[in-house]
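>>> Mind looking at a prediction? Sequence and model below.
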Amino acid sequence: MDAVIVRRYAARWTLEQIGVNSINLNAADVNDDGQVNLVDATILRRHAARWAEYSILPYKPVPIQPAQFAAPFMFSASAGATINVGNASGKIGDIIDIPISIENNPGLIAMLFEIYFNDTALKFVGFEDKNILNGATHPPSTTEGASSPLVFAWVDELAIIDNTNDGDIIILQFEILDGASPDDYDITLILSSGDTFNTGFSPVDFEVENSIITVEPDETEKIITGHTPLTAVTLTINENILTLADIIASGKLPTTVTVTDGTTPATANITDWTGTFDGTTTGAKTLTAVWDAPNGYTKGVTPITITSARTRTRDRTRSRKRRRR
């Protein structure tokens, strides 16, 4: 049995990813404990490297706890040994980093854990192995778009000294998907006790501090791209509205306008009017509104201009009043 095949199988690779049609699990279980895990891969690699004590298979190491995935992690951690999963927050479309770190590492040569996440709100887009653990054997499925759970594994089969490095093990990257509701989403790490051990195959126990990704409300302002045309105001000779100040004071001009970002309409308040208005002449007059963008909207780099046509300021069927001398 090939140690590489057993290592990949133990790291949750599929047969297709390993490149084989089947695996003889009885032959792969080289310590006769009824399981095929990273312990078997380590024994096979040491056997192939001609380590004397591994020359005869099956090998009988000190019994270890069976591989199990359980939440919460049920056995006691070694002297404060902890795996921390970092918290993060962001908005829809953001790509966020989740560091997974180790503290008070008592020493190990192998580790395997699964990462569970909500793949309807989050998309896994990649990772960076920080290389503080040796022998990375991450499945090909840990690529962009992989669904929950993700599996990450390390095993340094020929190590003769335990790795006691602390720090970031790996950085996971997730994209917050469109449609994710503002909420907290769990990122849960579950450690495999049977695949996390030291040079003597004793299990190495850790407390696991899991995390959340907080999706924040999208407060991005909408950019106004258009408006509903304003209805023209008709004036007659008898109203004696002669200047811009007169027509503003008359209350005949609109006080609001409907604007839109192309999708969602909103009401904007008109605060003033500008332009040239001569009420002594007939014909159309155009005034420009001064307006405030509604909450959640912005006028953009170049604010749009809202105009309203003023028509028929004089009734041509009537004669003009003569001025007194």
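Perfect, thanks for sending it. Numbers count the residues shown, from 1 in each chain.

>>> Where does the prediction get shaky in the chain?
Applying pLDDT under 70 to the chain flags the ranges 1, 61-79, 300-325.

>>> Show me how the record splits it into domains.
Per automatic domain parsing, the structural domains of the chain span 64-215, 222-311.

>>> Save the ones you listed as CSV, and put in mean neighbour count and distance to Val4 too.
Backbone N, C-alpha and C define where each C-beta goes, glycine included. Below are the domains of the chain laid out as CSV (neighbours: other C-beta atoms under 10 Å; distance: least, C-beta to C-beta, whole Å):
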stretch, mean neighbour count, distance to Val4
domain 64-215, 18, 9
domain 222-311, 14, 54
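
>>> where along the stretch 201-325 of the chain do the helices fall?
244-250 (DSSP state H, counting those that start in this stretch).

>>> That one: strands as residue ranges?
207-209, 211-215, 222-223, 226-227, 233-234, 256-260, 265-274, 285-292, 297-298, 306-311 (DSSP state E, counting those that start in this stretch).

>>> Partner strands of the first one, with direction?
Put plainly, it is strand 207-209. Partners of strand 207-209 in the sheet, by DSSP bridges, are strand 82-85 (parallel).

>>> next one: the strand it pairs with to chain centre, how far?
In this view, strand 82-85 has its centroid 20 Å away from the chain centroid, taken as C-alpha atoms, centre = their mean, to the nearest Å.

>>> same check, this time on stretch 202-211
From the chain centre to the centre of stretch 202-211 is a distance of 25 Å (C-alpha atoms, centre = their mean).

>>> Okay, now it: how far is its last residue from its first?
From its first residue to its last, stretch 202-211 covers 28 Å (C-alpha to C-alpha, to the nearest Å).

>>> Same check on stretch 42-58?
This stretch, stretch 42-58, spans 13 Å end to end (C-alpha to C-alpha).

>>> and that stretch, which residues are buried?
42-47, 54 (16 or more other C-beta atoms under 10 Å).

>>> May I see those residues arranged in JSON lines, with secondary structure as well?
Formatted as JSON lines, the buried residues of stretch 42-58 follow (DSSP: H, G, I helix; E, B strand; the rest coil):
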{"residue": "Thr42", "secondary structure": "helix"}
{"residue": "Ile43", "secondary structure": "helix"}
{"residue": "Leu44", "secondary structure": "helix"}
{"residue": "Arg45", "secondary structure": "helix"}
{"residue": "Arg46", "secondary structure": "helix"}
{"residue": "His47", "secondary structure": "helix"}
{"residue": "Tyr54", "secondary structure": "helix"}
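
>>> Of those residues, which is the nearest to Ala266?
Top of the list for closeness to Ala266, among these and by C-beta to C-beta, is Thr42 at 64.4 Å.

>>> Residues contacting stretch 148-157, please?
3, 7, 10-12, 38, 41-42, 45-46, 109-119, 124, 127, 133-139, 141-142, 163, 170, 172, 190, 195 (C-beta atoms under 8 Å, 6 or more residues apart in numbering).

>>> got it, and stretch 8-28?
Outside stretch 8-28, the residues within contact range by C-beta under 8 Å, 6+ apart are 1, 5-6, 36-38, 40-41, 112, 137-141, 151, 153, 155, 195.
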